[in-house]
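1. Pasting the sequence and the predicted coordinates here, then a few questions.
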Amino acid sequence: MDVSSILNQVTVIFGVIIAIGLIVSIVKLPQFKGMMGEFFVNFSAKILLDNNNYYLIKNVTLPTSDGSTQIDHIIISVYGIFVIETKNMKGLIVGDPKEKMWIQKIHTYSNHFQNPLHQNYKHVKVLQSLLKINQQKIYSIVVFVGKSTFKTKMPQNVTYRKGYINFIKSKTNAIISEADVKKIIDKIENGRLTPSFTTHQDHIKHVKHIIANKEKVNHPLCLQCGHPMLLRETKKGKNKGQKFLGCSQFPQCKHTLNNPMNE
């Protein structure tokens, strides 16, 4: 075998390794996980719900007074309007319907995230304002996909994977006329922002701006690196369970502050 053949084989091998690395990196991105979660809900809705009775609209971005809000899925039927928020997460999920923040636990790692029921409440209110319809005809549903387990009891409208289908099918009383279903679909299609890359990016910028403002209000900045400090909990030792503020860049930055609530 000559040198050129060996170099060609080495080049091909390196190309395959780089391609695999890129695929693995993409799969780990939160955006990809979100897309897969939404795909699962879209796919299962199309095959498990009668398309003659249920109409699915996905990725609906509606204008609001301060920017926009994006709804993962809206399913319209004579049995009601179902507004679905998708969460693709793994680990143990700890939460209470009334709490602002829920917790994702993976071994010793804990991540606080916004209560998705509160998040979806805004979606419901914006949609209700658009449709001028009684909120009792709109159902909020949160669907967790991925390898997650609820550690605390959840309400019926917070489900695993295909459980949201059972929730939708449990509503058997017709509360919206066929004529109004068609009007509702038209109002949503006409009221939504035109689906495009620009619309999506503008919404992402709006969300990041909201998050950044909340971080400025709720979290002091690290005195060593300037990044936000996050509320954490001691896992071991005599101070186990005690709250403290730790740099969001840990382990690169290990600066901490006492939690004012402990003082």
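-> Right, received. Where do you want to start?

2. And Tyr109, how far from Ile47?
-> 35 Å (C-beta to C-beta, to the nearest Å). Glycine gets a C-beta too; all of them are placed from N, C-alpha and C.

3. nope, Pro116 is what I was after
-> Counting by C-beta to C-beta, the gap from Pro116 to Ile47 is 24 Å.

4. ok, the residue positioned nearest the centre of the chain - contacts?
-> Centrality entry for the chain: nearest residue to the mean C-alpha point is Lys87, 4.3 Å, by C-alpha atoms, centre = their mean. The contact partners of Lys87, by C-beta atoms under 8 Å, 6 or more residues apart in numbering, come to Gly37, Pro116, Val142, Val143, Phe144, Val145, Gly146, Ser148.

5. same question, Asp96
-> Counted by C-beta under 8 Å, 6+ apart, Asp96 has contacts Trp102, Thr152.

6. again, only this time at 10 Å
-> Asp96 makes contact with Trp102, Asn115, Leu117, Thr152, Lys153, Met154, Pro155, according to C-beta atoms under 10 Å, 6 or more residues apart in numbering.

7. Helix, strand or coil: sort out it for me.
-> Here Asp96 is recorded as coil under DSSP: H, G, I helix; E, B strand; the rest coil.

8. and it, how far is that from Lys125?
-> 21 Å.

9. Likewise for Leu117?
-> To Lys125, Leu117 is 13 Å away according to C-beta to C-beta.

10. Which one's more surrounded, those two?
-> Neighbour count, other C-beta atoms under 10 Å: between Leu117 and Lys125, Leu117 has more, with 22 against 14.

11. packing partners for the helix or strand hosting the more buried one?
-> In the assignment (DSSP states H and E), Leu117 maps to helix 116-131. Here helix 116-131 touches strand 55-64, strand 67-77, strand 80-88, strand 101-106, strand 138-145, strand 158-160, helix 178-191, going by 3 or more C-beta pairs under 10 Å, 6 or more residues apart in numbering; DSSP states H and E.

12. Out of these, which gets nearest to Asn258?
-> strand 101-106 (20.6 Å; C-beta to C-beta).

13. residues making contact with the closest one?
-> Contacts of strand 101-106 (C-beta under 10 Å, 6+ apart): 87, 89-96, 110-118, 147-149, 151-152, 158, 231, 233.

14. go again using 8 Å as the cut-off
-> If you take C-beta under 8 Å, 6+ apart as the criterion, strand 101-106 is touched by 89-96, 110-116, 148, 151.

15. what's the answer for stretch 150-167, then?
-> 40-41, 44-45, 48-49, 82, 84, 92-97, 105, 116-117, 139-145, 148.

16. Who is the nearest residue to Ile138 once chain neighbours are set aside paired with across the strands?
-> Distances taken as C-beta to C-beta, 6 or more residues apart in numbering put Ile81 closest to Ile138, at 4.7 Å, once the chain neighbours are dropped. Beta bridges link Ile81 to Ile76, Ile138, judged by DSSP bridges.

17. burial count for Ile81?
-> 23.

18. The one 10 residues further on too?
-> The local packing count at Gly91 equals 18, with neighbours defined by other C-beta under 10 Å.

19. ok, now Leu245?
-> 19.

20. Quick check: it is in a helix.
-> No - checked against three-state DSSP, Leu245 lies outside a helix; its state is strand.

21. how near is it to Leu257?
-> Taking C-beta to C-beta, one finds Leu245 at 4 Å from Leu257.

22. Glu178 too?
-> For Glu178, the distance to Leu257 - C-beta to C-beta - is 60 Å.

23. of these two, who's got more company?
-> Leu257 (13 against 10).

24. for the helix or strand containing that one, packing partners?
-> Element membership for Leu257 (DSSP H and E) is strand 256-258. For strand 256-258, the elements it packs on are strand 243-247, judged by 3 or more C-beta pairs under 8 Å, 6 or more residues apart in numbering; DSSP states H and E.
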